[in-house]
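Student: The following block contains a protein sequence and its predicted model.
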Amino acid sequence: MRNCTLTLKSHPKHLKSKIPAIVCMPSTFCNLTGCTLKGNETNFNAGVISINADLFISETSFKDFKQGAIYSIAKPYNTVMIKDTEIRETGIVGVYLQGEGAI
């Protein structure tokens, strides 16, 4: 995705479900360049959840994700790159990386 805006602001307040904006499934490639992701400051939501996927994020901003901006679990053969990215007002964690493929 390039130069896009994804938002969870329209969700009702105080949902009990945890909702991510983007989920990257195993053996996929996700590329976010120049995007804006906005969470909902009253709900437990996340920006990106990447599970054994190749992930490239650049020039992207994350704001108001009470659960966290980026969660990535990677295998040794996966590539995870995050650069020139702004993360603001996240709750539990800003970025969580696990695995040998993380850079």
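Tutor: Structure received.

Student: Distance-wise, check Lys13 relative to Lys63.
Tutor: 17 Å (C-beta to C-beta, to the nearest Å). Bear in mind the C-beta positions are built from the backbone N, C-alpha and C, glycine included.

Student: More neighbours: these two, which one.
Tutor: Lys63 (17 against 8; other C-beta atoms under 10 Å).

Student: Leaving aside the residues adjacent along the chain, what's closest to the more buried one?
Tutor: What sits nearest to Lys63 in space, not counting adjacent residues and going by C-beta to C-beta, 6 or more residues apart in numbering, is Arg88, at 4.8 Å.

Student: Next: Ala53.
Tutor: Counting by C-beta to C-beta, 6+ apart, the residue nearest Ala53 is Cys24, at 3.8 Å.

Student: Show me the beta-bridge partners of that neighbour.
Tutor: Ser50 (DSSP bridges).

Student: How about the one 5 residues further on?
Tutor: With DSSP bridges applied, Phe29 shows beta-bridge pairing to Asp54.

Student: Could I get the pLDDT score of the residue nearest to Lys63?
Tutor: The per-residue pLDDT reported for Arg88 equals 88.

Student: List the contacts of it.
Tutor: Arg88 sits next to 61-64 when contact means C-beta atoms under 8 Å, 6 or more residues apart in numbering.
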